[in-house]
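Trainee: got a predicted structure plus its sequence, pasted below:
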Amino acid sequence: MAIKPTIQQLKANRAAFERLIAHAESSVNEEPEPASVGKDFTVVSRTRPIFEHEDSFRIIYPHGRTVTVHEPTLHFRADKAKLDDKSFTLNHNFGPSSSNEEVYEMIGTDFINLPAGGGTAVLFAYGQTGTGKTYTVNAITKLMAQDLFNALSPTQKVVVSFVEILGDAAYDLPSHRPVRIMEDKFSSVVLDGCDTRDCPSPEAFLEMSETALAHRRTVATLKNDTSSRSHALTKISVLETDPVKSAGGASEGILFLVDLAGSERAADRAAHDAARLEEAKQINTSLMTLKDCIKGRARQGTGAHLHIPYRSSKLTLVLKDIFELATVRPTRCVVVACTSPHAADASHSINTLRYAQTLMSAPKTKLLAPNKHDPKTWSKERACSWLTAVSKGALNVADMLPNEGDNGLVLSQLTEQEFIERATRSGKVDFKRAKAYYVKLWEFVADARTKQRKAVLKARDKTAAQKEEDQFHKELIARSAREAAGWTGRDKW
């Protein structure tokens, strides 16, 4: 029977463990399998170097797409050193000598170019505290800035937002104003209260990023002198500035760069005070939700009863598109699993790699066809035609959509008050008729949202899909009732 050694036992048996690892590695003579880029998920690992002060030995060795953890163990009776080898297969694995440029090259230009084409790209670094997550995300941010701007068309621009998430609380960086993370009536996630900043150049973006992220919460821990105690999220939006293209329904592209707070074991939290313990609890809770979402995404389409709880955490709610099996826009995700080569961190590194490997079996995301009856996809011409038809010419479309770049999305985003004010401005439409037109528009929006949700759920297990569809309809009815109760007459304005 084998047991896990203590720190003292690792040090006492270091020479024996190193001989065993050297022998195991000497027998690896096959040519490493070349790196690959996943269709929807590209999953890589990165193992940091052993630091001089750590007084330990290396136990993680990458070989192309396979990475092996030589977990040290001791025989229960003889106190004899043994290894419990565990191997994992990912798209690629980077060792301590790998450069930031090598990691970035693995991500691929298709991923960086996706936002300019109206898609969603997500990169997040995951792992134990002190494994180089912030170092890796910061390096990739610097390397991708120029390529991101090179992918833009002459009429596109970049705006950025910086958010810090701790449990259910979120804050704008660097102002520290509270941010509400929620879904709008189109089921899109919005960061309400978060500043958006125009970025005219890669240099401006990097300067903003450095300034904002410097305000992130960090404290000294057992594993790291500047451990990040919150999740940091950079949202990069690619917007169309040409009014003609905007009016034609050009969609926003998004790139999320996510540096997750590090997870901690009980031993890592031994010296924490009450406030730090609560902080660690919130971090670990959100990371557990992320793990549950990863497991659910990997099991979609297997016929098993499952629920992906991305609404259980603000972090996973922001990233919900990568957990859906069907989406209305192209979506890709890069996961960097960061590990420590330290012998005492073997179990934590194995856990990180196990969850990373889970995503390798995730089924391909289905791209849903655009719904021509969905108002948010309408061009300005199509939206104006609908306004004219529904009102039999009574509405002045110039009042409803006055700006050159307006379109169906702009029309759908009007509040009931704004819609009615514009509709009644000409004097040809009274309040009652204006509200009826708004309700008609809302019916189109709700119907499109329901159809989209059904298409998403259709790709999942039927039992789980029916459960989520029932809950969705309850929420939709409740939302409609709240809006109707809020607008019963002009005196409510």
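Mentor: Looks like it came in fine.

Trainee: neighbours of residue 420, just the number please.
Mentor: Other residues near residue 420 number 23, with proximity taken as other C-beta atoms under 10 Å. All C-beta atoms are positioned from the backbone trio N, CA, C, and that covers glycine.

Trainee: low-confidence stretches in the chain?
Mentor: For the chain, the stretches flagged by pLDDT under 70 are 1, 29-31, 77-78, 218-228, 247-250, 264-273, 275-276, 301-306, 459-493.

Trainee: spatially central residue for it, please.
Mentor: With distances taken as C-alpha atoms, centre = their mean, residue 319 lies nearest the centre of the chain, 3.2 Å away.

Trainee: check contacts around residue 132.
Mentor: Contacts for residue 132 were tallied using C-beta atoms under 8 Å, 6 or more residues apart in numbering; they are 46, 48, 338.

Trainee: tell me the one among those residues nearest to residue 364.
Mentor: Within these, proximity to residue 364 (C-beta to C-beta) peaks at residue 46, which comes in at 25.2 Å.

Trainee: check the gap between residue 176 and residue 194 for me.
Mentor: Look at residue 176 and residue 194: by C-beta to C-beta, to the nearest Å, they are 11 Å apart.

Trainee: which one's more surrounded, those two?
Mentor: Regarding residue 176 and residue 194, a neighbour count based on other C-beta under 10 Å identifies residue 194 as having more, with 21 against 11.

Trainee: that one contacts residue 164, doesn't it?
Mentor: No - with contact defined as C-beta atoms under 8 Å, residue 194 does not count as touching residue 164 (10.3 Å).

Trainee: what do these two both touch?
Mentor: residue 172.

Trainee: in the stretch 201-350 of the chain, which spans are strands?
Mentor: Taking DSSP state E, counting those that start in this stretch, the strands of the stretch 201-350 of the chain run over residues 218-219, 227-228, 231-240, 253-259, 326-327, 331-339.

Trainee: and those as JSON lines, adding mean neighbour count and distance to residue 361?
Mentor: Output for the strands of the stretch 201-350 of the chain, formatted as JSON lines (neighbours: other C-beta atoms under 10 Å; distance: least, C-beta to C-beta, whole Å):
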{"stretch": "strand 218-219", "mean neighbour count": "14", "distance to residue 361": "35"}
{"stretch": "strand 227-228", "mean neighbour count": "21", "distance to residue 361": "29"}
{"stretch": "strand 231-240", "mean neighbour count": "22", "distance to residue 361": "25"}
{"stretch": "strand 253-259", "mean neighbour count": "23", "distance to residue 361": "22"}
{"stretch": "strand 326-327", "mean neighbour count": "20", "distance to residue 361": "18"}
{"stretch": "strand 331-339", "mean neighbour count": "25", "distance to residue 361": "13"}
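
Trainee: which of those strands sits closest to residue 126?
Mentor: So among these, strand 331-339 is nearest, using C-beta to C-beta, at 5.7 Å.

Trainee: does anything pack onto that closest one? Which helices or strands?
Mentor: Using 3 or more C-beta pairs under 8 Å, 6 or more residues apart in numbering; DSSP states H and E, the elements in contact with strand 331-339 are strand 41-47, helix 109-113, strand 120-127, helix 133-150, helix 346-358.

Trainee: partners of that strand, with directions?
Mentor: strand 41-47 (parallel), strand 120-127 (parallel) (DSSP bridges).

Trainee: TSV please, covering those strands and showing mean neighbour count and distance to residue 411.
Mentor: Below are the strands paired with strand 331-339 laid out as TSV (neighbours: other C-beta under 10 Å; distance: least, C-beta to C-beta, whole Å):
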stretch	mean neighbour count	distance to residue 411
strand 41-47	26	36
strand 120-127	24	23
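
Trainee: reformat these as a markdown table; add distance to residue 135.
Mentor: Compiled in a markdown table, the strands paired with strand 331-339 are given as follows (distance: least, C-beta to C-beta, whole Å):
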| stretch | distance to residue 135 |
| --- | --- |
| strand 41-47 | 9 |
| strand 120-127 | 9 |
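
Trainee: show me where the stretch 301-450 of the chain has helices.
Mentor: Using DSSP state H, counting those that start in this stretch, the helices of the stretch 301-450 of the chain run over residues 314-318, 346-358, 380-391, 397-400, 408-413, 416-423, 431-458.

Trainee: domain boundaries for this structure, per the record?
Mentor: According to automatic domain parsing, the chain comprises the domains 35-55+86-341+362-367, 375-492.

Trainee: any idea which of these is most buried?
Mentor: Across these, averaging neighbours per residue (mean count of other C-beta atoms under 10 Å) puts domain 35-55+86-341+362-367 on top, at a mean of 18.

Trainee: what about that domain, start to end distance?
Mentor: Domain 35-55+86-341+362-367 has an end-to-end distance of 26 Å (criterion: C-alpha to C-alpha, to the nearest Å).

Trainee: now that domain, how far from the centre of its chain.
Mentor: Computed by C-alpha atoms, centre = their mean, to the nearest Å, the chain-centroid distance of domain 35-55+86-341+362-367 equals 5 Å.

Trainee: list phi and psi for residue 189.
Mentor: Here is the backbone geometry of residue 189 (degrees, to the nearest 10): phi -90, psi 130.

Trainee: over to the one 3 residues further on?
Mentor: Phi and psi for residue 192, reported as degrees, to the nearest 10, are phi -70, psi 120.

Trainee: for residue 27, same thing?
Mentor: Main-chain dihedrals, residue 27, degrees, to the nearest 10: phi -90, psi 0.

Trainee: and what of residue 173?
Mentor: Note on residue 173: backbone dihedrals following degrees, to the nearest 10 are phi -110, psi 130.

Trainee: distance of it relative to residue 122?
Mentor: From residue 173 across to residue 122, the span is 19 Å (C-beta to C-beta).

Trainee: mind listing what the nearest residue to residue 296 once chain neighbours are set aside touches?
Mentor: In space, residue 296 comes closest to residue 308 once its chain neighbours are excluded; the distance is 3.8 Å by C-beta to C-beta, 6 or more residues apart in numbering. Residue 308 is in contact with 292, 293, 296, 297, 300, 323, counting by C-beta under 8 Å, 6+ apart.

Trainee: picking up where we left off before, let me have the domains of the chain in TSV, extended by distance to residue 348.
Mentor: Formatted as TSV, these follow (distance: least, C-beta to C-beta, whole Å):
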stretch	distance to residue 348
domain 35-55+86-341+362-367	5
domain 375-492	31
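
Trainee: looking at those domains, which is nearest to residue 356?
Mentor: It is, among those and with distance given as C-beta to C-beta, domain 35-55+86-341+362-367, at 3.7 Å.

Trainee: between the strands of the stretch 201-350 of the chain, which one is nearest to residue 24?
Mentor: strand 331-339 (17.7 Å).

Trainee: the closest one to helix 133-150, inter-axis angle?
Mentor: Relative orientation of strand 331-339 and helix 133-150, computed by axes from the mean of the first three to the mean of the last three C-alpha atoms, to 10 degrees: 150 degrees.

Trainee: ok, now how distant is the closest residue to residue 362 other than its chain neighbours from residue 349?
Mentor: Residue nearest to residue 362 in three dimensions, not counting chain neighbours: residue 298, with 4.7 Å by C-beta to C-beta, 6+ apart. Separation of residue 298 from residue 349 (C-beta to C-beta): 20 Å.

Trainee: who does the nearest residue to residue 115 once chain neighbours are set aside bridge with?
Mentor: Closest residue to residue 115 apart from its sequence neighbours, by C-beta to C-beta, 6+ apart: residue 253 at 3.3 Å. Here residue 253 sits in beta bridges with residue 238, as judged by DSSP bridges.

Trainee: so what's residue 253 up against?
Mentor: Each residue near residue 253 by C-beta under 8 Å, 6+ apart is listed here: 114, 115, 116, 117, 118, 119, 120, 237, 238.
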